[in-house]
Every structure is written in C-alpha cells, then in structure tokens.
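Colleague: attaching a predicted model along with its sequence, questions to come.
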Amino acid sequence: MRPFWNGFLLSLSLCLDLGVVNLALLRASLRQGGAAGFLLGLGSCVGDVAYFALAVWGASALLERSAVRWSLWLFGTGVLLFLTWRMAREVIYPKKLALGDPKNGSRESGLKLFATGAGLALASPTGILWFAAVGGSVIASFGNRNSLFPFAAGFGAAAVTWSFVFAYTAAALRMFGARVVRAISLVSALLFLYFAVAVFVDGLRRFVLSYNG
C-alpha cells in the first residue's frame, strides 16, 4: 500500500496549492452549491491526469541518461524546497480570498463547470511548474514498474477526494477566512518538505552513494 499512499500524498500536495483551480472551485461551491464545485473539481482531475501521464512518460524515457537524472534530482529538490518556502510564507501572510457575493452571478451548466475545471488545470502556471519540475522527480523516486499502477491510483483518488471534500465544505469554511488559508498552506508546506527530503535522500542514495560504493 505504500506506493498508493505516496501517490495520494503527491496529488494532495498539488491539490493544496491555493491557486486558480481551487479558487474557481471555491467560487462555484459558494455560488451554486457543493455539486457544482465537485463537477469543476472533477474536470480539473482530467488535466492533472494528463500531466501525470506526461510526467510518467518523461520520467521513464529521459531518466535513461545520467545527466538528466542528476539535473532532475537537483532541480526537483530545489523547486520542492522553494514551494515549501512559499507555502510557509503564506502561513504568515495568507492570501485574501476575493470570492465576491455568492448570491450574485449566473448559474453554469454541469458540462461548462467540468470543462472549466479541465481548462484551468491544464493552463494553471503552478500546475505546469509542479509537473515539469516536481512530478518527474517524485515519480522517478517512487513510481517503478511494479508500483506505478497503485501509485497512479493513489494520485487519482486524492484528486477526486479533495474535490469532493473541498467543494462540500467550502460554504462552511467561508466564515473562517484567513485561518483556512493558513491551515491549507501549512499542510501543503509540510507535504512539499516531505517530498523534498524524500527526493533528495533517494537521489543521494542512487547517484552519490552508489558511485562511492
């Protein structure tokens, strides 16, 4: 079950980023209810899975070269540490949730919400950076041939679970404002730090200690 939970935590670290997808999910939930937010979240899962597949393909194809392995290891660790710092900063200086009035605005169809979620996930700058710099490193560290399927299953399960839980609790969380942002940012920072340490230790064992041994 370890590959499943590693994939679950990896996906959760992406979901916890308070970026454009989560803000859109929050707005939809407040304006049209939890079902609307969940539909938008499911759409974003499509974009995440597409990038996940590209990261898996890239990790398996490119990691055959030693220079790429070293670059991916060092760059991925650095980006993870940067994201840890960014989330830790938001614990101290949380983002303001400019959601507007939930009673105003037209209602959108389920298909439009789903398509919006997919489009936002595919176009999200933080999502693209995350998969390009982090996804390949972590997948290379945790997702070998024998564990790739449960790893991917855990990744998808976390994305769907997050969309459901976040959508149906959004209205209740609105009253807490900055405290919610701090809590999400803190959990996200801890997850990014966990993967930064895991990727660095795995690379140190594979690329440094193996040569010396």
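Modeller: Arrived safely.
Colleague: where exactly do the helices run in this structure?
Modeller: Counting by DSSP state H, residue ranges of the helices within the chain are 2-15, 20-32, 34-62, 66-92, 110-123, 125-129, 136-142, 148-173, 178-203, 210-212.
Colleague: buried ones in the second one, by neighbour count?
Modeller: Buried positions in helix 20-32, judged by neighbour count with 16 or more other C-beta atoms under 10 Å: Val20, Val21, Asn22, Ala24, Leu25, Leu26, Arg27, Ala28, Ser29, Leu30, Arg31, Gln32. For glycine as for every other residue, the C-beta is placed from the backbone atoms N, C-alpha and C.
Colleague: equivalent analysis for the first one, please.
Modeller: The neighbour-count check on helix 2-15 (16+ other C-beta under 10 Å) flags Pro3, Phe4, Asn6, Gly7, Phe8, Leu9, Leu10, Ser11, Leu12, Ser13, Leu14, Cys15 as buried.
Colleague: may I have the residues that are in contact with Gly156?
Modeller: Ser11, Cys45, Val49 (C-beta atoms under 8 Å, 6 or more residues apart in numbering).
Colleague: now flag whichever of the residues you listed is closest to Leu120.
Modeller: Using C-beta to C-beta, Cys45 comes nearest to Leu120 of those, at 11.5 Å.
Colleague: what sits against the closest residue to the closest one other than its chain neighbours?
Modeller: Sequence neighbours aside, Ala159 is the residue nearest to Cys45 in space, at 4.4 Å (criterion: C-beta to C-beta, 6 or more residues apart in numbering). Residues in contact with Ala159, defined by C-beta under 8 Å, 6+ apart, are Ser11, Leu14, Cys15, Gly41, Ser44, Cys45, Asp48, Val49.
Colleague: what's the answer for Phe114, then?
Modeller: So Phe114 contacts Leu39, Leu40, Leu42, Gly43 (C-beta under 8 Å, 6+ apart).
Colleague: how many neighbours does the nearest residue to the second one once chain neighbours are set aside have?
Modeller: Spatial nearest neighbour of Leu40, chain neighbours left out: Gly117 (4.0 Å); criterion: C-beta to C-beta, 6+ apart. Neighbours of Gly117 under the rule other C-beta atoms under 10 Å: 27.
Colleague: if anything else comes up later, I'll come back, but that's it for now.
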